[in-house]
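*Asks:* structure, please.
(chains A and B)
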Amino acid sequence: MASSLENLETQLEMFIENVRQIHIIVSDFQPQSQNVLNQKLQALVHGLQEVDKLKSQVQDVAVPLEVFDYIDQGRNPQLYTKDCIEKALAKNEQVKGKIDAYRKFKANMLVELNRTFPAELNKYRALRGDE
Amino acid sequence: MMGDQFRKVEQYSPKSSPRGGRSPVVSRQDSSGTLKTTILLGKNPSIVPSGPFYLMKEPPGESELTGATNLMAYYGLEHSYSKFSGKKLKEQLSSFLPTLPGVIDSPGQQDNSSLRSVIEKPPIGGKDLLPLTSIQLDGFRLHPGPLPEQYRYTNSTPIKNKHKNKHKKHKHKEGGVPNQETTIADTSGDTHEKKHKKQKRHDEDKERKKRKKEKKRKKQKHSPEHSGGLTPSQHTSS
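*Replies:* Reported below is the predicted structural model:
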């Protein structure tokens, strides 16, 4: 997986670099540059073919749609990852707190019930198989 | 007979029952199977719970993975967490893709380059990508000369962006908005200078005191009260 992503990244970088070079050639065009430009245009098609070939290798990569919003707004997509991690951690802590609170509550309740209804609680425990 | 009985009950049933129009007397099926009661009719009607415990339900099955475990550690994401939580990330997209030429920090909707639009209106695909023929390449035959002014604005940005990383620090030093690093460096330089000055002053003071002491010693030597020995203060200082 990592290698296929790296391949795609390399191909895209090469493609972008090719486009950049075409931009430089055409921005102040010289007649002798026509051949170079033609080569670059063919390289552009070749680059697209290479990217197209790699699409089958990255079919199972899932990208959250929210990341696209970040990129479209010109924001660093790592901020999304950071937000997700922070939210997940906060939720994890929250749920752990709830679980711990319920555990304490259960323990306290059993103590109190045992004090008030010892016989019933013994029956209850026997039924539950908690003994 | 049964109908009459229910009608009677309905008369006394509360109008604003939390269960709506349902009367509390009408028997309901217990879906949980835990509410087992025996109703005894006769002279002294009574309801006796025959099940083990009223409202006793099976506890939910325990799952192996709950929120009680540190999920960050469980999924091996601690490294990612420490990577992102520690440092302050730069807001711009160009800081994530520093080698990408062009203006990429502006909203994609402005120049119709948003990724959303690719999802909403997928490009026409399914056709083979073939190299351009010589006839097709004729369409790219260009006139010599520079680009018109309106197309040149993006020309400067790629190069600037391309070398942005390499000359980052240098750029900020030359002018414009100083970044944190430079300010830190500047302030540390200031403090160093201050310290140096302080040290110098301290040295001067020391020398002055030394000279004073020597003068005093000379005076004491020539004075009649001079005992010849060192005073305790002189002893400790020398």
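*Asks:* which residue does chain B bring closest to chain A?
*Replies:* B:Gly67 (2.7 Å; CB to the nearest CB). Bear in mind the C-beta positions are built from the backbone N, C-alpha and C, glycine included.
*Asks:* tell me the SS of the residue nearest to that residue when sequence neighbours are not counted?
*Replies:* Sequence neighbours aside, A:Val95 is the residue nearest to B:Gly67 in space, at 2.7 Å (criterion: CB to CB, 6 or more residues apart in numbering or on different chains). At A:Val95, secondary structure determined by DSSP: H, G, I helix; E, B strand; the rest coil is helix.
*Asks:* report the contact partners of A:Val95.
*Replies:* Applying CB atoms under 8 Å, 6 or more residues apart in numbering or on different chains, we find A:Val95 in contact with B:Thr66, B:Gly67, B:Ala68.
*Asks:* next secondary structure after the helix or strand where A:Met109 lies?
*Replies:* Element membership for A:Met109 (DSSP states H and E) is helix A:78-116. Next along the chain after helix A:78-116, taking DSSP H and E as the criterion, comes helix A:118-128.
*Asks:* pLDDT score for A:Val19?
*Replies:* On pLDDT, A:Val19 comes in at 93.
*Asks:* distance check, it against B:Asp128.
*Replies:* 21 Å (CB to CB, to the nearest Å).
*Asks:* the two: who's more crowded?
*Replies:* Ranked by neighbour count (other CB atoms under 10 Å in any protein chain shown), A:Val19 and B:Asp128 place A:Val19 first, with 17 against 6.
*Asks:* now the helix holding A:Met109: buried residues?
*Replies:* Residues A:Gln78, A:Leu79, A:Tyr80, A:Thr81, A:Lys82, A:Ile85, A:Leu89, A:Asn92, A:Lys96 are the ones in helix A:78-116 that count as buried (16 or more other CB atoms under 10 Å in any protein chain shown).
*Asks:* of these, closest to chain B?
*Replies:* Using CB to the nearest CB, the buried residues of helix A:78-116 come closest to chain B at A:Lys82, 4.2 Å.
*Asks:* which ones are touching that closest one?
*Replies:* Taking CB under 8 Å, 6+ apart, one finds B:Phe84, B:Ser85, B:Leu89 in contact with A:Lys82.
*Asks:* pLDDT weak spots in chain B?
*Replies:* Low-confidence segments of chain B (pLDDT under 70): B:1-36, B:49-55, B:153-238.
*Asks:* next helix or strand past the strand or helix carrying A:Gln39?
*Replies:* Using DSSP H and E, A:Gln39 falls within helix A:34-54. Sequence-wise, the next helix or strand downstream of helix A:34-54 (DSSP H and E) is helix A:65-72.
*Asks:* quick one: that next one near chain B?
*Replies:* Yes. Using CB under 8 Å from any CB of the partner chain, helix A:65-72 reaches chain B at A:Leu65, A:Phe68, A:Asp69, A:Tyr70, A:Ile71, A:Asp72.
*Asks:* next: stretch A:102-117.
*Replies:* No. Against chain B, stretch A:102-117 shows no contacts by CB under 8 Å from any CB, the least distance being 8.6 Å.
*Asks:* now that stretch: mean pLDDT?
*Replies:* Rounded mean pLDDT across stretch A:102-117 is 94.
*Asks:* related to what we said a few turns ago, give me the buried positions along the helix holding A:Gln39.
*Replies:* Buried residues in helix A:34-54 (16+ other CB under 10 Å): A:Gln34, A:Leu37, A:Asn38, A:Lys40, A:Leu41, A:Ala43, A:Leu44, A:Gly47, A:Glu50, A:Val51, A:Leu54.
*Asks:* ok, now stretch B:126-146?
*Replies:* Under 16+ other CB under 10 Å, stretch B:126-146 has no buried positions.
*Asks:* is any part of it close to chain A?
*Replies:* Yes. Stretch B:126-146 reaches chain A (CB under 8 Å from any CB) through B:Leu129, B:Leu130, B:Pro131, B:Leu132, B:Leu137, B:Phe140, B:Arg141, B:Leu142, B:His143, B:Pro144, B:Gly145, B:Pro146.
*Asks:* just checking, which of these belong to strands?
*Replies:* Among the residues of stretch B:126-146 next to chain A, the members falling in strands (DSSP state E) are B:Gly145, B:Pro146.
*Asks:* the residues of stretch B:126-146 next to chain A into JSON lines, with extra columns for distance to A:Ala107?
*Replies:* Output for the residues of stretch B:126-146 next to chain A, formatted as JSON lines (distance: CB to CB, whole Å):
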{"residue": "B:Leu129", "distance to A:Ala107": "68"}
{"residue": "B:Leu130", "distance to A:Ala107": "73"}
{"residue": "B:Pro131", "distance to A:Ala107": "75"}
{"residue": "B:Leu132", "distance to A:Ala107": "76"}
{"residue": "B:Leu137", "distance to A:Ala107": "81"}
{"residue": "B:Phe140", "distance to A:Ala107": "79"}
{"residue": "B:Arg141", "distance to A:Ala107": "85"}
{"residue": "B:Leu142", "distance to A:Ala107": "82"}
{"residue": "B:His143", "distance to A:Ala107": "86"}
{"residue": "B:Pro144", "distance to A:Ala107": "87"}
{"residue": "B:Gly145", "distance to A:Ala107": "85"}
{"residue": "B:Pro146", "distance to A:Ala107": "81"}
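*Asks:* report the two of the residues of stretch B:126-146 next to chain A separated the most.
*Replies:* Farthest apart among those by CB to CB are B:Leu130 and B:Pro146. That separation is 32.2 Å.
*Asks:* ok, back up a step: thought the residue of chain B closest to chain A was touching A:Asp100?
*Replies:* No. If you go by CB atoms under 8 Å, B:Gly67 and A:Asp100 don't touch, sitting 10.0 Å apart.
*Asks:* brilliant, that's me finished.
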